[in-house]
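> Structure for this input, please:
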Amino acid sequence: MAADSEPESEVFEITDFTTASEWERFISKVEEVLNDWKLIGNSLGKPLEKGIFTSGTWEEKSDEISFADFKFSVTHHYLVQDSTDKEGKDEVLEDVIPQSMQDLLCMNNDFPPRAHCLVRWYGLREFVVIAPAANHDAVLSESKCNLLLSSVSIALGNTGCQVPLFVQIHHKWRRMYVGECQGHGVRTDFEMVHLRKVPNQYTHLSGLLDIFKSKIGCPLTPLPPVSIAIRFTYVLQDWQQYFWPQQPPDIDALVGGEVGGLEFGKLPFGACEDPISELHLATTWPHLTEGIVVDNDVYSDLDPIQAPHWSVRVRKAENPQCLLGDFVTEFFKICRRKESTDEILGRSTFEEEGREIADITHALSKLTEPAPVPIHKLSVSNMVHTAKKKIRKHRGVEESPLNNDVLNTILLFLFPDAASEKPLDGSSSTDSNNPVSESEDYNLYNQFKSAPSDSLTYKLALCLCMINFYHGGLKGVAHLWQEFVLEMRFRWENNFLIPGLASGPPDLRCCLLHQKLQMLNCCIERKKARDEGRKTNTSDMYPGDAGKAGDQLGPDNLKDMDKEKGEVGKSWDSWSDSEEEFFECLSDTEELKGNGQESGKKGGPKEMTSLKPEGRLYQHGKLTLLHNGEPLYIPVTQEPAPMTEDLLEEQSEVLAKLGTSAEGAHLRARMQSACLLSDMESFKAANPGCFLEDFVRWYSPRDYIEEEVIDEKGNMVLKGELSARMKIPSNMWVEAWETAKPIPARRQRRLFDDTREAEKVLHYLAVQKPADLARHLLPCVIHAAVLKVKEEENLENISSVKKIIKQIITHSSKVLHFPNPEDKKLEEIIHQITNVEAIIARARSLKAKFGTEKCEQEEEKEDLERFVSCLLEQPEVLVVGAGRGHAGKIIHKLFVNAQRAAAMAPPEEELKRMGSPEERRQNSVSDFPPPAGRELILRTTVPRPAPYSRALPQRMYSVLTKEDFRLAGAFSSDTSFF
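Numbers count the residues shown, from 1 in each chain. I've put the predicted structure just below:
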């Protein structure tokens with residue numbers, strides 16, 4: 001059996017040479033990509049315009065291919081140009097060299113300031129790069145490099161592609177490329193040398209010319225002339241005598257009272273360090289030929305002052321520290337803190353006060369001992385410090401995060417009425433103190449959902465920002481907020497209006513904290529009006545919207561605008577069937593029982609006509625009661641309860657939870673009809689003997705339909721009846737009318753319970769953590785920062801900054817309108833503001849360095865300002881007149897001063913005063929330092945490789961810096977005649 005199985009165990013390997021190898025597959029994939037991108041054949045574009053590499057649009061396409069398991073990315077870089085009409089060119093194109101070979105000789109775009117390195121080295125408008133896909137991968141071995149080059153050469157030959165194809169070799173940071181371009185009977189090889197140390201013989205033009213000529217190996221004698229373009233770059237780092245103009249804020253002045261509280265309303269601005277770190281001067285000789293200029297290791301004709309072209313670029317400091325950016329960023333960081341105010345400051349002040357009287361043994365003596373009744377002064381000059389005393393009662397002054405001077409200044413800035421000795425009246429609002437500006441900047445709070453720039457909320461945001469940055473950080477913020485909350489309670493308890501808030505209901509366009517403060521002010525106004533009304537015993541204490549409507553709309557349309565008044569937007573807490581009644585110790589409670597409630601039990605309107613009318617505002621112009629012909633009187637009504645957005649949301653949630661059932665809908669209607677019921681009761685009290693039709697004619701005229709009909713006698717008369725919706729069985733209006741009793745507004749249960757609402761607001765403020773507070777006020781801080789940036793930009797007038805500010809406003813308005821914006825989006829906004837601040841700081845730095853303000857001639861000043869603005873917006877700016885122009889002279893002087901300072905030589909002025917020329921020569925220093933970078937481009941057109949070959953373009957680019965030496969050559973040869 002063993003002998004039989006031996007032949008079966010032998011395996012015969014058959015190599016199938018028809019199967020494609022990995023290398024062939026790779027070449028096929030390269031060809032496929034070139035075909036997909038339609039890079040086949042010769043497409044000649046128009047000649048390149050000057051500066052098009054920088055001003056034009058570059059685009060790229062990418063794809064991924066693999067050689068076995070090694071992945072490469074293929075990228076096509078190209079300059080977007082108008083497509084030219086290719087018809088009728090096919091016959092001619094065969095004899096024309098590829099576009100890229102023609103570009104090698106183009107002199108319009110030497111040394112572009114911003115372009116891909118291959119564009120700078122070879123002047124190409126289109127090329128394809130094959131590079132390892134992963135950043136850490138690299139093609140290091142020579143055999144792999146040659147294999148890739150072979151692949152490229154075969155792919156170009158098979159497809160007929162005339163776009164240069166490069167392969168990236170070695171580590172990516174070295175930017176080493178080799179490549180090839182093929183045309184009809186011609187080929188260009190792209191080669192490169194990259195060294196750390198420069199060989200001495202190649203540091204000047206003569207040595208580089210030797211390399212170029214030897215590489216070309218031209219058999220002709222004499223050699224055709226070589227065209228030369230040279231650029232030397234000089235770097236200025238030491239500005240000398242041009243100090244950074246930004247003044248740091250005077251912190252001592254902020255602490256002391258000498259500058260005043262207004263300083264707290266201002267935001268800092270500017271960079272703390274010079275945002276311009278270096279100035280790069282490029283001196284260029286664009287068109288030279290061999291023999292005209294001498295540049296070797298002994299002597300050089302290349303004097304920068306004599307260079308025909310000067311161009312300047314500035315190097316900006318990376319992320320310069322900017323005051324406004326830091327200010328807003330530090331405040332934003334509070335949003336991420338989780339500590340409560342009590343955790344930051346220690347035990348709560350209220351707890352500590354409670355513990356003082358917690359001892360049960362002293363309870364009786366506390367009750368029996370006489371206590372003086374506290375009488376508050378009407379003056380508010382000392383009230384600002386009441387809260388501070390409460391806190392300091394248990395904490396030493398030295399432990400307080402904020403010292404007295406800072407705290408006093410801030411509180412007086414927030415509450416300017418505290419400095420007045422006069423009693424406060426109701427005119428303490430922004431409407432009276434500051435006329436409302438209709439400007440775009442003022443109305444910015446609508447877009448940002450922040451607060452008006454003259455409001456208390458806005459000022460509080462700025463003060464908290466400043467406290468956080470300069471005086472105590474998070475502890476200082478917690479301390480000031482606690483003072484602020486205690487101040488709010490003091491004002492509520494003592495009927496002092498809060499300054500810096502517009503009168504009226506909460507403005508839902510503002511942030512929630514601003515709405516809460518406005519709500520508290522509404523409560524104080526109502527409480528104050530009620531207390532004053534009780535003293536003067538006035539009969540009508542609630543002037544409502546009915547009177548206003550009557551004045552504005554006229555008798556026919558009276559109250560039509562308030563049709564929905566009884567149906568939407570009313571607080572569910574104010575539903576009149578609620579058991580939570582608030583009785584305010586009214587002197588006429590008995591009268592209420594005797595007149596209003598008993599009359600409600602009587603049968604019909606006849607009995608009601610005997611009631612004494614109450615709560616009349618004024619007589620309606622035309623309308624009379626339908627049944628007895630008495631004039632119809634408009635009653636005094638209660639104003640609807642003001643609402644903040646969180647209360648509206650809470651109310652809508654409660655109403656939504658009632659569901660869609662008939663019972664739920666009925667209950668929802670009843671909850672929303674509290675205001676309607678109140679107005680009906682007021683109307684009944686003002687118009688004894690009235691009917692529902694009378695009320696509807698005044699309250700909702702569209703629901704009372706009048707028609708002309710002919711009566712029995714044949715006369716045309718008006719006959720009216722209720723609308724169809726009013727006749728629906730179990731209609732809410734009919735139900736409410738039947739349950740309504742003739743009670744004037746002053747005796748009704750309050751629709752708006754100011755006591756409860758004020759306590760809710762005060763509790764809401766007290767439980768806010770610093771993080772919550774920062775979230776509420778961040779829109780105000782961003783709003784202030786944008787206004788500050790706009791103000792500073794107006795002084796500099798930078799067009800690019802204007803566009804960025806508009807983008808910031810658009811972006812911020814989208815982000816800040818959401819209830820809880822994402823941190824990442826908020827950081828983006830702050831980063832944009834910081835960038836604008838840095839740009840403005842750079843503009844000021846350049847203006848100071850170039851002395852734009854010192855120019856006496858208006859024309860020179862305008863030229864310099866234009867030059868400075870171009871430096872900010874463009875990567876590189878041409879100096880008009882080179883070294884002989886006005887800007888050129890300033891730049892020259894900057895370099896001279898820096899050189900003298902570096903060499904410890906006397907300044908230029910002292911050098912002029914020196915006597916003998918020998919002394920001057922000894923103390924003289926060269927005007928410019930050694931160039932930081934030397935770039936040369938050598939071009940020629942010669943037949944290669946044989947004398948009878950076709951004359952083709954040859955090019956070599958060289959760059960020499962302190963630690964880098966690179967040669968990039970493009971050498972063309974004839975593949976037909978060689």
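> quick one: the strands in the stretch 1-150 of the chain?
Along the stretch 1-150 of the chain, counting by DSSP state E, counting those that start in this stretch, strands occupy 58-67, 70-79, 126-132.
> Sheet partners, orientation included, of the shortest one?
The pairing partners recorded for strand 126-132 under DSSP bridges are strand 70-79 (antiparallel), strand 165-169 (parallel).
> The first one too?
Based on DSSP bridges, the pairing partners of strand 58-67 within the sheet are strand 70-79 (antiparallel).
> and the strand it pairs with, average pLDDT?
The average pLDDT for strand 70-79 rounds to 93.
> how distant is it from the center of its chain?
With Cα atoms, centre = their mean, to the nearest Å as the basis, strand 70-79 stands 35 Å off its chain's centre.
> on that earlier part again, how about the strands paired with strand 126-132, which one is nearest His817?
Closest approach to His817 among these (Cβ to Cβ): strand 70-79, 40.8 Å. Every C-beta, even on glycine, is put in place using the N, C-alpha and C of the backbone.
> Enumerate the positions of that closest one that are buried.
For strand 70-79, burial by neighbour count (16 or more other Cβ atoms under 10 Å) applies to 72, 74-79.
> before we move on, what about stretch 310-328?
Of the residues in stretch 310-328, those buried (16+ other Cβ under 10 Å) are 310-314, 316-317, 320, 322-325, 327-328.
> Sort out which of those are in helices and list them.
323-325, 327-328 (DSSP state H).
> hang on, the earlier thing: nearest to Ala736, of the strands paired with strand 126-132?
That would be strand 70-79 among the strands paired with strand 126-132, by Cβ to Cβ, at 75.3 Å.
> Contacts for that closest one next, please.
Contacts to strand 70-79, defined as Cβ atoms under 8 Å, 6 or more residues apart in numbering, come from residues 30, 33, 37, 39, 52-53, 56-66, 116, 118-119, 125-134, 137, 163.
> circling back: just put the strands of the stretch 1-150 of the chain in TSV and tack on distance to Gly851.
As requested, the strands of the stretch 1-150 of the chain are exported to TSV (distance: least, Cβ to Cβ, whole Å):
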stretch	distance to Gly851
strand 58-67	37
strand 70-79	39
strand 126-132	44
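> So which of these is nearest Val761?
With Cβ to Cβ, the closest approach to Val761 among these belongs to strand 58-67: 57.8 Å.
> so how far is the closest one from its chain's centroid?
Relative to its chain's centre, strand 58-67 lies at 34 Å (Cα atoms, centre = their mean).
> before we move on, what about stretch 480-499?
Relative to its parent chain, stretch 480-499 has a centroid offset of 33 Å by Cα atoms, centre = their mean.
> what do you get for stretch 710-730?
Chain-centre distance of stretch 710-730: 62 Å, with Cα atoms, centre = their mean.
> Show residues contacting that stretch.
Here stretch 710-730 makes contact (Cβ under 8 Å, 6+ apart) with 626, 666, 692-693, 696-697, 702-709, 731, 733-734.
> Filter the residues you listed down to the ones in strands?
Residues of the contacts of stretch 710-730 located in strands (DSSP state E): 704-709.
> out of these, which is most surrounded?
Neighbour counts for the ones in strands among the contacts of stretch 710-730 (other Cβ atoms under 10 Å) peak at Tyr704, which has 20 neighbours.
> Low-confidence regions, the stretch 301-450 of the chain specifically.
Scanning the stretch 301-450 of the chain for pLDDT under 70 picks out 347-399, 420-441.
> in it, which spans are helices?
Using DSSP state H, counting those that start in this stretch, the helices of the stretch 301-450 of the chain run over 323-334, 341-345, 349-356, 363-368, 386-392, 404-414, 430-433, 444-448.
> Which other helices and strands does the first one contact?
Helices and strands in packing contact with helix 323-334 are listed as helix 456-470, helix 770-796, helix 823-850; criterion 3 or more Cβ pairs under 8 Å, 6 or more residues apart in numbering; DSSP states H and E.
> Next secondary structure after the first one?
I take that to be helix 456-470. Heading C-terminal from helix 456-470, the first helix or strand you meet, by DSSP states H and E, is helix 473-493.
> How about the longest one?
The C-terminal neighbour of helix 823-850 among helices and strands, as given by DSSP H and E, is helix 858-873.
> domain assignment for this protein?
Per the TED database, the structural domains of the chain span 20-80+95-218+938-972, 642-750.
> Which of the ones you listed sits closest to Val781?
Shortest distance between Val781 and the domains of the chain, using Cβ to Cβ, is found for domain 642-750: 20.1 Å.
> now that closest one: how far from the chain's centre is it?
On Cα atoms, centre = their mean, the centre of domain 642-750 falls 49 Å from the chain's centre.
> Report the separation between Pro112 and Cys106.
Per Cβ to Cβ, to the nearest Å, Pro112 is found 12 Å from Cys106.
> same check, this time on Gly51
Look at Gly51 and Cys106: by Cβ to Cβ, they are 12 Å apart.
> Next, Ile937: secondary structure please.
For Ile937, the assignment made with DSSP: H, G, I helix; E, B strand; the rest coil gives strand.
> What's the local residue count around the residue nearest to it when sequence neighbours are not counted?
In space, Ile937 comes closest to Ala229 once its chain neighbours are excluded; the distance is 4.3 Å by Cβ to Cβ, 6 or more residues apart in numbering. By the criterion of other Cβ under 10 Å, Ala229 has 18 neighbours.
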